[in-house]
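Engineer: predicted model follows, preceded by the sequence.
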Amino acid sequence: MASLMRHYDKASKPIACRSRGPSASEIKPLGTRATVDTIELFFRRPPEGLRTRIESILGSRIQIKRCVDKTGYQWGVRVIINRPTLVVLPVLAHFLRRDKWSRTMRVDVAVDFSMASEAAMEALAEFLIQHLVLKWRSARAEKTHVGSTVYWADQCRSRNLAMYLKGKNIFRLELRFLRTKAVRRARLNDLTKLDGVNPFELMNHHLRLLRFKPHFVQRAIQRTVQQERLRQLGNRQNCRRTRLLEAFSDRYQARIPNRMQHIFRSIDMQLLLSRRGVDRHIEKLPLELLSIPTELSWARTP
């Protein structure tokens, strides 16, 4: 138990925990919706008519930003399309085929969770912050909190997972592929086939849902209670105990199980795995618990 306690990082940002864990009904979303939130394309030079044609289909502005290195040399431009529609995908693929230097350099796949109440939304968000793990993350990647947004792999240039509030009782879990190679490995580079992507399979491939085995938690609590009991018995033999001290000791021992459960609920599984790796005390939960859809939803063309 002492080795486990050493991995409880009190210096990290605390996670709000209640006196009990969330029930199955509290973390069960009322509805889920999977979408492609952002697509970024790279061009040496913007093709003629790119902006006007895409904006006429989307009915909204797109961003075109310069790709400049530290010396100030411009390698090309990034074309950023937010909330793409199904109709615009063949047009984007057409522009990519016209330029041999063009690439799909970023694709964000998001899942929106609609909850019954704000309390249920907070319960599921806390559950995911503690139990959800991003696979194959960089050794430098760290989980960070920026305002109300949580990033699973900060300082990672190829992939990241972000969670943030989207609306009333709605929050978003967004898997971001940030480099051309990462997009290609995820098989998202062919925009004409993007509609056939299964978001559940994609999330299940890149994410894991882990927790401590319940019987391990129970044994750890029982062992701690027993050790404290033996320590108190030894103290009784070595010193005179007053009635007030006995009452304080009884209250302290009675609260040990709750304190132990609070510690287990405060341990970040991704942080723990980064330091210790997977051991026999950790089990995998099925990602089906989150009801992630198997098909993407697309915005309507105006």
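Structural biologist: Now that the structure is in, tell me what you want to look at.

Engineer: where does Asn160 fall, phi/psi-wise?
Structural biologist: phi -160, psi 160 (degrees, to the nearest 10).

Engineer: who does it bridge with?
Structural biologist: Arg176 (DSSP bridges).

Engineer: tell me who's in contact with the residue most central in space within the chain.
Structural biologist: For the chain, the residue nearest the mean C-alpha position is Leu161 (4.8 Å; C-alpha atoms, centre = their mean). Contact analysis of Leu161 by C-beta atoms under 8 Å, 6 or more residues apart in numbering lists 132, 134, 151-153, 173-176, 206-207. Bear in mind the C-beta positions are built from the backbone N, C-alpha and C, glycine included.

Engineer: what's the answer for Ile292, then?
Structural biologist: 32, 34, 111, 199-200, 203-204.

Engineer: could you measure from the nearest residue to it once chain neighbours are set aside over to Ala119?
Structural biologist: Spatially, and ignoring its direct neighbours in sequence, Ile292 is nearest to Phe200 (4.4 Å; C-beta to C-beta, 6 or more residues apart in numbering). Distance, Phe200 to Ala119, using C-beta to C-beta, to the nearest Å: 26 Å.

Engineer: and for Ser266?
Structural biologist: 19 Å.

Engineer: who's more crowded, Phe200 and Ala119?
Structural biologist: When neighbours are counted by other C-beta atoms under 10 Å, Phe200 and Ala119 differ, and Phe200 comes out ahead with 18 against 13.

Engineer: wouldn't the more buried one be in contact with Ser291 here?
Structural biologist: No: using C-beta atoms under 8 Å, Phe200 makes no contact with Ser291, being 9.1 Å away.

Engineer: just the ones of the contacts of Leu161 in strands?
Structural biologist: 132, 134, 151-153, 173-176, 207 (DSSP state E).

Engineer: redo these as a markdown table? Include pLDDT, neighbour count and distance to Leu271.
Structural biologist: What follows is the ones in strands among the contacts of Leu161, written out as a markdown table (pLDDT from 0 to 100; neighbours: other C-beta atoms under 10 Å; distance: C-beta to C-beta, whole Å):
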| residue | pLDDT | neighbour count | distance to Leu271 |
| --- | --- | --- | --- |
| Leu132 | 94 | 24 | 12 |
| Leu134 | 93 | 20 | 12 |
| Tyr151 | 95 | 21 | 13 |
| Trp152 | 95 | 25 | 11 |
| Ala153 | 91 | 23 | 12 |
| Leu173 | 96 | 26 | 19 |
| Glu174 | 97 | 20 | 21 |
| Leu175 | 97 | 23 | 20 |
| Arg176 | 96 | 21 | 20 |
| Leu207 | 95 | 19 | 16 |
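
Engineer: so how far is stretch 116-131 from its chain's centroid?
Structural biologist: Centre-to-centre, stretch 116-131 and its host chain are 12 Å apart (C-alpha atoms, centre = their mean, to the nearest Å).

Engineer: could you dump it to PDB, C-alpha only?
Structural biologist: The C-alpha trace of stretch 116-131 is given here as PDB (Å, rounded to 0.1, in the frame of the first residue of the first chain):
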ATOM      1  CA  ALA A 116     -29.600  14.700 -17.900                       C
ATOM      2  CA  SER A 117     -28.300  17.300 -15.600                       C
ATOM      3  CA  GLU A 118     -25.300  19.400 -14.700                       C
ATOM      4  CA  ALA A 119     -24.500  17.000 -11.800                       C
ATOM      5  CA  ALA A 120     -24.500  14.000 -14.200                       C
ATOM      6  CA  MET A 121     -22.300  15.900 -16.600                       C
ATOM      7  CA  GLU A 122     -19.800  16.600 -13.900                       C
ATOM      8  CA  ALA A 123     -19.900  13.000 -12.700                       C
ATOM      9  CA  LEU A 124     -19.100  11.600 -16.200                       C
ATOM     10  CA  ALA A 125     -16.400  14.300 -16.800                       C
ATOM     11  CA  GLU A 126     -14.700  13.400 -13.500                       C
ATOM     12  CA  PHE A 127     -14.900   9.700 -14.300                       C
ATOM     13  CA  LEU A 128     -13.200  10.200 -17.700                       C
ATOM     14  CA  ILE A 129     -10.500  12.500 -16.300                       C
ATOM     15  CA  GLN A 130      -9.500   9.800 -13.900                       C
ATOM     16  CA  HIS A 131     -10.000   6.600 -15.900                       C
END
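
Engineer: residues of it that come out buried?
Structural biologist: Across stretch 116-131, burial judged by 16 or more other C-beta atoms under 10 Å covers 120-131.

Engineer: so of these, which ones are in helices?
Structural biologist: 120-131 (DSSP state H).

Engineer: got CSV for the residues you listed, with distance to Arg231 too?
Structural biologist: CSV is the format used below for those (distance: C-beta to C-beta, whole Å):
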residue, distance to Arg231
Ala120, 41
Met121, 42
Glu122, 37
Ala123, 36
Leu124, 39
Ala125, 38
Glu126, 33
Phe127, 34
Leu128, 38
Ile129, 34
Gln130, 30
His131, 33
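
Engineer: thanks a lot, catch you later.
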